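Colleague: Model the structure of this input:
(one chain, ligands or ions: 1)
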Amino acid sequence: MRFEHVLVVGAGQMGGGIAQVVAASGRRVALHDEVPGAVERALAGMEKSLGKLAEKGGPTPEQVLPRVTPVGDIVGADLLIEAVVEDVSVKEAIFRRADEVLPADAILASNTSSIPITSLAAVTARPDKVIGMHFFNPVPVLKLVEVIRALQTSDETAAAIVALAEDLGKTPAQANDFPGFVSNRILMPFVNEAAYALMEGVAEAEAIDTIAKLGFAHPMGPLALADLIGLDTCVSIMDVLHEGLGDPKYAPCPLLRQYVAAGRLGRKSGRGFYDYA
Ligand code: 3HC
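Modeller: Numbers count the residues shown, from 1 in each chain. Just a heads-up that it's a prediction; the model follows:
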């Protein structure tokens, strides 16, 4: 399957990045978001990102952006990639509606960080064609796509999504549908432990991040990374890990919850562990 026409629902930092890489591969993208102004902000972000990539030989904004069409609702396509907020009822509503609107042979994929793909598949009449396609932020730069098979996902669907990820210039890695999959099951305890180290006064935020950057050769420290991901997203992923795996070691650090309650969500709100004002 070539997936010539892709519907991306959710135009936040992930959805915008996904729409960009799909359009840059030559495909047509319909981009939908319920939040007023979200698609326009995503298009502005794409223009900036494509501008940087064009300097390194990538396609220009003028070549890619005309392939992205803002749409006011869920529309027909060969593939849905859903990238909305990590809320199971919002995602299920989108999967139900997409199941009605998209042709019967279309694949329905979610970019969820942690919501079970198996339960999203179960709300559709095509559970064998539902799959997780988990990109990493910043999507135009990071090469990984974690491909998550629900219990019901067919071999054909998995093979088609693996081939698509490769065609987008990404490297797919397959995982089964357990809480947090592989990526967030590894990443979130690391972020959480860094938050505990800060809360307990073991070290300042800069020192914690410097240790990870220079000591383990990570491109950024866990607290700066949490700010990039969004502290609210980190907490909701940790909640899913905690509930789904039933182990208290996954419970979010109280400091993370406190920051979220105060609206310190990371880069997107201007302040998280660091101040971006
Ligand atoms: N589009 C295009 N190019 C971009 C870009 C974007 N959105 N963001 C960064 N770049 C380019 C820059 O232009 C720069 O190019 P250059 O080397 O030619 O100048 C290059 O990438 C490096 O960027 P910077 O110099 O600004 O800074 P860094 O070297 O620190 O790189 C980073 C930035 C790519 C974000 C790097 O720090 C990084 O990889 N950090 C880790 C990110 C990570 O771990 N993401 C995963 C999060 S987990 C997730 O997403 C899953 C979810 O479920 C939680």
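
Colleague: Quick one: list the elements packing against the helix or strand harbouring Val6.
Modeller: Using DSSP states H and E, Val6 falls within strand 5-9. Counting contacts by 3 or more CB pairs under 8 Å, 6 or more residues apart in numbering; DSSP states H and E, strand 5-9 packs against helix 13-24, strand 28-32, strand 79-82, helix 88-101. From N, CA and C alone the C-beta is placed, and that goes for glycine too.

Colleague: Show me what the helix or strand of the chain with the lowest mean pLDDT packs onto, helices and strands only.
Modeller: Every helix and strand in the chain was compared by mean pLDDT, DSSP states H and E; the lowest is helix 231-245, with a mean of 95. Applying 3+ CB pairs under 8 Å, 6+ apart, we find helix 231-245 packed against helix 183-199, helix 254-261.

Colleague: Show the average pLDDT along the last one.
Modeller: So the one you mean is helix 254-261. Mean per-residue pLDDT for helix 254-261: 98.

Colleague: And the contacts of it?
Modeller: With contact meaning CB atoms under 8 Å, 6 or more residues apart in numbering, helix 254-261 is reached by 192, 195-196, 198-199, 226, 231-232, 234-235, 238, 265, 272-273.

Colleague: Next: stretch 145-157.
Modeller: 107, 116-118, 120-122, 127-136, 158, 161-162, 165, 168, 170-177, 181-183.

Colleague: check those residues against the ligand, which are close?
Modeller: Counting by CB under 6 Å from any ligand atom, 136, 183 from those sit close to the ligand.

Colleague: residues in contact with Arg67?
Modeller: By CB under 8 Å, 6+ apart, the residues touching Arg67 are 23, 26-29.

Colleague: So which bits of the stretch 51-200 of the chain are right by the ligand?
Modeller: Of all the residues in the stretch 51-200 of the chain, those lying near the ligand are 52-53, 113, 136-138, 140-142, 183-184, 187, going by CB under 6 Å from any ligand atom.
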